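Peer 1: Mind looking at a prediction? Sequence and model below.
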Amino acid sequence: MLPIRFRRLAAAAAVAVVGVGALAACGNGGDDEATSGPVKLRFLSLAWQKESLQANKDLVAKWNSEHPDIQVEYVQGDWNSVHDQLLTSFEGGDAPDIVHYEASSIGEFSKQGYLADLKDLIPADLKGQIDQGVWDTTTFDGQVAGVPFLLESQVVIANKKLLDAAGVTVPPADGGWTWDEFQSNAQKLTKSGQYGVAWALKSPTNRVLNLALNYDGKFFYTDGGKTEVKIGDAEKEIPKRIHDMLYTSKTASPEALGMSGADTLPGFFGGKYAMLPGSVSLRQQMVEQAPKDFEWVTLPPIKGLSANQAANPQTLSISADSKHKEQAAQFLSYFLNPTNMAALAKGDWLVPTGKQANEELVKLTEGKQGWDVAADSAADLTVAPFQQADGYPEWKTKYATPALQQYFANKITLDQLASQLVDGGKQVLR
Amino acid sequence: MLGKPSRTGRALQYLALAAYLIFLGFPLVWLLSTAFKPPRELVQLHPALIPSNPTVQNFVQAFTEQELGRAAWNSLQVSLASAVLTVLVAMPASYALARFKSKLGTVALGWVLLSQLFPFVLLIIPIFLVLRQAGLANSHAGLILIYVVWALPFALWMLQGFVRNIPRELEEAASVDGASRLQTLRRVVFPLLAPGLVATALFSFISAWNEFFFALVLIKTPELQTLPVALARFVGIEGTARLGPLAAGSLLATLPSLVFFAFMQRRLSSGSLAGAVKG
């Protein structure tokens, strides 16, 4: 047997480990904050579109040049991993001072005490710019967890040439079609090799629950502090109408069911689908990616009993652990003044929450490229009960999305859908 | 006894091989094609493999907006350091595990295997707190430390397998010829272990190069961020993405791995032990 001189090997391993340690020790990190000099704020932004990114960076650069005492570091995050990133940094006590996210996701962080209550930090003029219905989407247990600043409404993008050929008139920006008119026009636009509509329902839950407010469908009902899922005629109306378009009138393409909004664009540009119900931000893809001779038009939100839709605005919050909350609030007031908010909304092709910003944006764009419709749709956006329900994310992932996918694939009936949604609610909201 | 394959058989073999190569290579070819397509060609109903109007605009955007060059340089430094350190630590440790039979070795191997069961999501907050206490959060050194620790269990398992394949007789022969233990290791064992060391280095490099979550959570300063974190910023809400710049960035991200692999793969060739021990 070979002689064992373990010590030498252990020494070699130790040298290597020490090497790692030495490298670690010469790291360029450390997060001790300087005790003097300007206040430093870290701003985690989720802007990702080219124009939006530029608008954000420009505003931060301008602020920094005008405010040498309060310097903002722009850090870009991404939508897919921001939840885990924030959770870790909140738990680790090292969160950014200013956080960009969305209303439906910040409630959880607010209730856990990670976000500052902005009620007394935000100046009155910014408060007054935004409707109370929109503020309600970011208010949890009486605490304002974020400033809502960008809204996303559901509109319809249509192929103008196909509308003209079918004799379908484009409605004015402030007078959208009813669901009956929409379905009837989809019928006119359907012929061999062409569907009137492509419903991109890869992630159907948010879409259905947003539109359900058209018929006052709430899904989540709270009584005496207890929340439960209830499915009545109001909640069934939107799923039923979409299902009818797919399987009764056959005016909606079944192949689009598994697609996201962007996936439907090749078919839309190729004339396979005449109308795309989708986010108001889809207009950006139209401008950037539509063939040169392609004519498109933005149709206003579809109306049921009302044109109400759930508002899930993008938000800016301040970390509860931030040592410079007042300075962060000053930055937010600047960053979200009407002119800046309009610039941010334009960059993301979304609707600003501020009334004056909305007016400035319409003036700036002359209402072209659907900005008139986008601006008008803001009035119908309001808080929906599901946004305030604690168990909504779990209910959506585990129960609602699979059930809705099965229903739209014609695998289960409307009553079975209803019972699965209610049962899921019982599991989640116990 | 197996006969010589017929011409048809050989042709079918080559056909299968070609099909497999196309299967493996097509995603890369498509990525290459997408990287050079202008926005309008990305949403055609009948997409073409060869762009009609090729453009380098996607590369320009990727580099100017997200500073991919700097992110790639950061990734390269972190990955190379991780690969070197992993090999340096794993080499003696795996030799000890393979050659010295003891209860401690068995327990150590079991623990190494067990450590792989913990999902990193479970570990990230404690790791973050420890690194923060050590002043290593938000630094490449901290990231390298995590990558080395993360790669070591698999590297140890892999390398000790390579060590076991080296006949003990070779070491005994060197010992009989008067070589000290260190000389035996340096002149006999390590040269024969080269394919294993290369495989370990490759594994460690590629896993550090591709790693996203630790880099996302640990690095706060934009100047220190790595390539996967920078690339993720081209993906938006609910699966939407800026396909052109993303493809351009992803194409560039695959190049160092390909180059590193091409450079190292010759060392991976086996057969150096053939005929070393008779009988």
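Peer 2: Now that the structure is in, tell me what you want to look at. Residues are numbered from 1 along each chain as shown, chains lettered A, B, ... in the order given.
Peer 1: What sits closest to whatever residue of the stretch 151-300 of chain A ends up closest to chain B if chain neighbours are left out?
Peer 2: The nearest approach of the stretch 151-300 of chain A to chain B comes at A:Gly270, 3.2 Å away (C-beta to the nearest C-beta). Quick note: C-beta positions are derived from backbone N, CA and C, even for glycine. Take A:Gly270 and drop its neighbours on the chain: the residue closest to it by C-beta to C-beta, 6 or more residues apart in numbering or on different chains is B:Leu45, 3.2 Å away.
Peer 1: The one you found against A:Phe268, yeah?
Peer 2: No - the pair B:Leu45 / A:Phe268 is not scored as a contact, 9.1 Å apart, by C-beta atoms under 8 Å.
Peer 1: ok, these two, which is more surrounded?
Peer 2: The neighbour count for B:Leu45 versus A:Phe268, taken as other C-beta atoms under 10 Å in any protein chain shown, is higher for A:Phe268 (29 against 12).
Peer 1: For that one, give me the backbone phi and psi.
Peer 2: Dihedral angles of A:Phe268 (phi, psi; degrees, to the nearest 10) stand at phi -70, psi -50.
Peer 1: Surely it is in contact with A:Leu276?
Peer 2: Yes - between A:Phe268 and A:Leu276 there is a contact under C-beta under 8 Å: 5.4 Å.
Peer 1: what helix or strand does A:Leu121 sit in?
Peer 2: Under the criterion DSSP states H and E, no helix or strand holds A:Leu121.
Peer 1: Quick one: residues contacting it.
Peer 2: Residues counted as contacts of A:Leu121 (C-beta atoms under 8 Å, 6 or more residues apart in numbering or on different chains) are A:Ile318, A:Lys325, A:Glu326, A:Ala329.
Peer 1: Helices along the stretch 301-430 of chain A, start to end?
Peer 2: Along the stretch 301-430 of chain A, counting by DSSP state H, counting those that start in this stretch, helices occupy A:325-335, A:338-348, A:355-365, A:371-377, A:385-388, A:392-395, A:401-408, A:414-428.
Peer 1: tell me the most buried of these?
Peer 2: Looking across the helices of the stretch 301-430 of chain A with neighbours counted as mean count of other C-beta atoms under 10 Å in any protein chain shown, the highest average goes to helix A:371-377: a mean of 24.
Peer 1: and that helix, what does it pack onto?
Peer 2: strand A:154-159, strand A:296-299, strand A:351-352, helix A:355-365 (3 or more C-beta pairs under 8 Å, 6 or more residues apart in numbering or on different chains; DSSP states H and E).
Peer 1: Determine which of those approaches A:Ser306 most closely.
Peer 2: strand A:154-159 (13.5 Å; C-beta to C-beta).
Peer 1: Sheet-wise, list the partners of the closest one with their directions.
Peer 2: Note on strand A:154-159: by DSSP bridges, its sheet partners are strand A:273-279 (antiparallel), strand A:296-299 (antiparallel).
Peer 1: what comes into contact with that strand?
Peer 2: A:170, A:182, A:207, A:210-211, A:268, A:271, A:273-280, A:282-283, A:286, A:294-302, A:309, A:370, A:373-374, A:377.
Peer 1: Please check those and keep the buried ones.
Peer 2: Among the contacts of strand A:154-159, the ones that count as buried by 16 or more other C-beta atoms under 10 Å in any protein chain shown are A:182, A:207, A:210-211, A:268, A:273-280, A:282-283, A:286, A:294, A:296-302, A:309, A:370, A:373-374, A:377.
Peer 1: low-confidence ranges in the chain?
Peer 2: No chain was given, so I picked chain A. A:1-36, A:430 (pLDDT under 70).
Peer 1: The chain in question should be chain B.
Peer 2: B:1-3, B:238-239, B:266-279.
Peer 1: Serialize the helices and strands packed on helix A:371-377 to TSV and add fields for distance to A:Asp78.
Peer 2: Compiled in TSV, these are given as follows (distance: least, C-beta to C-beta, whole Å):
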stretch	distance to A:Asp78
strand A:154-159	24
strand A:296-299	28
strand A:351-352	22
helix A:355-365	25
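Peer 1: thinking again about what came up before, from A:Phe294, how far out is the residue nearest to A:Gly270?
Peer 2: Distance, B:Leu45 to A:Phe294, using C-beta to C-beta, to the nearest Å: 12 Å.
Peer 1: what do you get for A:Ser249?
Peer 2: A:Ser249 is 26 Å from A:Phe294, by C-beta to C-beta.
Peer 1: swap in B:Asp177?
Peer 2: For B:Asp177 relative to A:Phe294 (C-beta to C-beta), the value is 80 Å.
Peer 1: And A:Asp223, by the same measure?
Peer 2: In terms of C-beta to C-beta, A:Asp223 sits 50 Å off from A:Phe294.
Peer 1: Chain B contacts on the stretch 101-250 of chain A?
Peer 2: A:Lys202, A:Ser203 (C-beta under 8 Å from any C-beta of the partner chain).
Peer 1: Do a quick rundown of the strands in the stretch 101-250 of chain A.
Peer 2: Remark: strands assigned in the stretch 101-250 of chain A by DSSP state E, counting those that start in this stretch are A:139-140, A:143-144, A:147-151, A:154-159, A:195-197, A:220-223, A:226-229.
Peer 1: what does the stretch 1-150 of chain B give?
Peer 2: So, for the stretch 1-150 of chain B - with DSSP E, counting those that start in this stretch - there are no strands.
Peer 1: got the residues of it near chain A?
Peer 2: Counting by C-beta under 8 Å from any C-beta, the stretch 1-150 of chain B sits next to chain A at B:39-40, B:42-47, B:61, B:65-66, B:81, B:85, B:88-89, B:91-93, B:95-96, B:99-100, B:121, B:124-125, B:128-129, B:132, B:134-142, B:144-145, B:148.
Peer 1: Which of those are buried, as a ChimeraX select command?
Peer 2: Applying 16+ other C-beta under 10 Å to these, the buried members can be selected in ChimeraX as follows:
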select /B:39,40,42,43,44,61,65,66,81,85,88,89,91,92,93,95,96,99,124,125,128,129,132,134,135,136,137,138,139,140,141,142,144,145,148
